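> build me a structure from this.
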Amino acid sequence: ADGSLEFLGRSDRQIKVRGVRVETGEIEAALRSLSGVEDAAVALTTAPDGPERLAAFLVAGPDAPAHAQARDTVAALLPGPLVPTAWATVERLPLTPNGKLDVAALPPAVPVASDGGAPHSAQEARMCAV
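Sure, this is the predicted structure:
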């Protein structure tokens, strides 16, 4: 009782994605609402060749959607910065001894490219034809 305080970190699971502070629980709730998804977690992961990415880790049931389909569905529910850009399926979410998500034990998440839609210019059309 010497009057000093010890800062132990955030008690919530907020992360900063592309300059926007994000509550992971909102994203995880949207992921869990998908048909066939039994559990879900999100975390920031760093790609070897680039910036941090928001990654989704799904515990999938028998009728779980493909990652691209899950991304498209979640994109309709959440603002752009909250939509994960990398995805992985796991048998179960790894937990630390105190019951929190063990981010270090998660497998690498694979980026899922978005459908850019129709080409916007003649140059894009030529690139798409390659």
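> only C-alpha atoms for contact and neighbour calcs from this point on.
OK.
> next one: Val59 from Ala122, what distance?
Noted for Val59: a distance of 42 Å to Ala122, by Cα to Cα, to the nearest Å.
> between those two, point out the one with more neighbours.
Neighbours per residue, other Cα atoms under 10 Å: of Val59 and Ala122, the larger number sits with Val59, 18 against 9.
> the more buried one and Asp39 touch, don't they?
Yes - in this structure, Val59 is within contact of Asp39 by Cα atoms under 8 Å, at 5.0 Å.
> low-confidence regions, the chain specifically.
Filtered on pLDDT under 70, the chain yields the residue ranges 1, 5-12, 114-120, 124.
> could you pull out the helices in it for me?
Secondary structure of the chain (DSSP state H): helices located at 24-32, 67-77, 122-129.
> between Val59 and Asp39, which contacts overlap?
Each of Leu93 lies in contact with both Val59 and Asp39 under the rule Cα atoms under 8 Å, 6 or more residues apart in numbering.
> now do the strands in the protein.
In the chain, the segments counted as strands under DSSP state E are 14-17, 20-23, 37-46, 52-60, 86-90, 110-111.
> do you know which of those strands lies nearest His67?
strand 86-90 (6.4 Å; Cα to Cα).
> strand partners of that closest one, parallel vs antiparallel please.
strand 52-60 (parallel), strand 110-111 (antiparallel) (DSSP bridges).
> just the C-alpha atoms of that strand, please, in PDB.
In PDB, the C-alpha atoms belonging to strand 86-90 read as follows (Å, rounded to 0.1, in the frame of the first residue of the first chain):
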ATOM      1  CA  ALA A  86      -7.100 -12.200 -44.000                       C
ATOM      2  CA  TRP A  87      -8.900 -15.400 -43.000                       C
ATOM      3  CA  ALA A  88      -8.200 -18.800 -41.400                       C
ATOM      4  CA  THR A  89     -10.200 -21.700 -40.200                       C
ATOM      5  CA  VAL A  90      -9.200 -23.400 -37.000                       C
END
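> what is the burial count for Arg21?
With neighbours defined by other Cα under 10 Å, the count for Arg21 comes to 12.
> so it versus Ile15, what's the distance?
Distance, Arg21 to Ile15, using Cα to Cα: 6 Å.
> do the same with Met127
Spatial separation of Met127 from Ile15 under the definition Cα to Cα is 36 Å.
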